[in-house]
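# return atomic coordinates for the entry below.
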Amino acid sequence: MNIIVIASLVPDLVEELEIDSSGTALDTSWLRMIINEFDDHAIEQAVLLKERSGANVTVMAIDQEGIDEVLFTAAAKEADRLIKLTGDFGEGANSHALARVFAAAIKDLAPDLILTGVQAHTNLDGAIGPLLAALLEMPFVGYVAGVKTADGKVIARKEYPGGLTGEMEVTLPAVMGVQASEEPPRYVAVSKVRQAMKTASIEELPAAALDPSGGLNVSRMYRPEAAGRATMIEGSEEEIAEKLIELFKEAGAL
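Just a heads-up that it's a prediction; the model follows:
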């Protein structure tokens with residue numbers, strides 16, 4: 001089985017986020033970028049499938065500062081092939097544009113299964129997984145919490161509220177958005193990553209031209225603005241109910 005995993009970097013939300021001078025994007029000058037948590041789970045799920053079935057795992061990402069470490073870390077986890085798509089990504093790209101870039105690169109690689117993180121907190125115009133599936137004309141299953149192989153197909157495990165679990169049989173090739181791998185992403189020691197830097201190599205492929213159509217145009221970014229203060233309603237249950245009814249009538253809700 002040939003598995004491709006899409007990896008990406010996102011701002012570390014532990015850091016203080018600042019808006020740049022344009023007022024339409026984050027200031028990335030000193031912003032720490034880390035692998036998207038769900039992408040990390042997608043890589044782990046791919047490696048688990050490799051350990052069980054001997055699958056071949058390729059991790060693909062666009063060229064960003066810090067992405068080499070992410071790719072070499074994937075190699076330290078036993079990913080077989082690392083691909084970095086080079087191009088003008090300095091100003092960033094929306095999900096629609098990135099999906100087109102990945103789709104163009106993936107078409108010639110004939111994957112059986114494509115795994116992406118189910119979402120990222122930078123996806124303003126939708127997750128890449130379903131967009132990629134539509135471009136490649138493949139079935140898509142999202143919010144996956146485990147994947148098994150069976151007779152040329154895969155079984156996607158999904159978790160639902162109330163402790164319910166469902167399984168979906170999917171014909172390959174397919175795209176899946178991983179919410180959680182069957183096991184937590186494995187820890188890799190820095191020494192093992194450094195060893196991977198010496199033994200593994202990153203293939204660089206030119207990315208297709210960015211086409212941002214279909215995405216959002218950000219006109220303004222700003223911190224939440226303080227509005228009116230909350231009013232605490234006191235009294236008995238009947239008095240509170242009467243006051244709420246008055247307020248709803250004033251607001252035109254009743």
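# from here on, just use CA atoms for contacts and neighbour counts.
OK.
# please enumerate the helices of the protein.
Using DSSP state H, the helices of the chain run over 37-53, 67-76, 95-106, 128-136, 190-199, 237-250.
# run the chain-centre distance for stretch 235-244.
Remark: stretch 235-244 is offset 46 Å from the chain centroid, using C-alpha atoms, centre = their mean, to the nearest Å.
# please disregard the earlier target; I meant stretch 106-116.
On C-alpha atoms, centre = their mean, the centre of stretch 106-116 falls 16 Å from that of its chain.
# may I see the buried residues of that stretch?
If you call a residue buried by 16 or more other C-alpha atoms under 10 Å, then stretch 106-116 has these buried ones: I106, P111, D112, L113, I114, L115, T116.
# how about E203: what's its closest non-neighbour residue?
I83 (4.7 Å; C-alpha to C-alpha, 6 or more residues apart in numbering).
# is it true that the one you found touches I67?
No: contact status for I83 versus I67: not in contact, 10.6 Å apart, counting by C-alpha atoms under 8 Å.
# shared neighbours, the two?
Residues touching both I83 and I67 by C-alpha atoms under 8 Å, 6 or more residues apart in numbering: A61.
# any idea how many residues pack against the closest residue to M33 other than its chain neighbours?
Excluding the flanking residues, the one nearest M33 by C-alpha to C-alpha, 6+ apart is P11, at 4.5 Å. Using other C-alpha atoms under 10 Å, P11 has 19 neighbouring residues.
# who's in contact with P11?
L31, R32, M33, I34.
# list the beta-bridge partners for the last one.
So the one you mean is I34. V10 (DSSP bridges).
# what lies in contact with stretch 203-212?
For stretch 203-212, the external contacting residues (C-alpha under 8 Å, 6+ apart) are 82-87, 93-94, 96-98, 100-101, 104-105.
# switch the cut-off to 10 Å
60-63, 81-89, 92-105 (C-alpha atoms under 10 Å, 6 or more residues apart in numbering).
# OK, contacts around V59?
V59 neighbours (C-alpha under 10 Å, 6+ apart): 3-7, 42-43, 46, 70-72, 74-75, 79-84, 114-115, 202.
# one more time with 7 Å, if that's ok
I4, V5, I6, A7, L71, A79, R81, L82, I83 (C-alpha atoms under 7 Å, 6 or more residues apart in numbering).
# and the pLDDT for it?
V59 is assigned 98 on the pLDDT scale.
# for it, give its distance to A42.
10 Å (C-alpha to C-alpha, to the nearest Å).
# spit out the residues that contact these two alike.
V5.
# what is I6 paired to in the beta sheet?
Note on I6: beta-bridge partners M60, judged by DSSP bridges.
# which pLDDT value belongs to it?
Predicted confidence (pLDDT) for I6: 98.
# who touches it in this structure?
Listed by C-alpha under 7 Å, 6+ apart, the contact partners of I6 are D39, V59, M60, A61, L115, T116.
# how about the residues you listed in TSV, adding distance to A196?
TSV is the format used below for the contacts of I6 (distance: C-alpha to C-alpha, whole Å):
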residue	distance to A196
D39	20
V59	14
M60	16
A61	17
L115	22
T116	23
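# could you dump the helices of the chain to JSON lines with distance to G23 and mean pLDDT?
Below are these laid out as JSON lines (distance: least, C-alpha to C-alpha, whole Å; pLDDT from 0 to 100):
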{"stretch": "helix 37-53", "distance to G23": "27", "mean pLDDT": "97"}
{"stretch": "helix 67-76", "distance to G23": "26", "mean pLDDT": "97"}
{"stretch": "helix 95-106", "distance to G23": "20", "mean pLDDT": "96"}
{"stretch": "helix 128-136", "distance to G23": "25", "mean pLDDT": "97"}
{"stretch": "helix 190-199", "distance to G23": "37", "mean pLDDT": "96"}
{"stretch": "helix 237-250", "distance to G23": "36", "mean pLDDT": "92"}
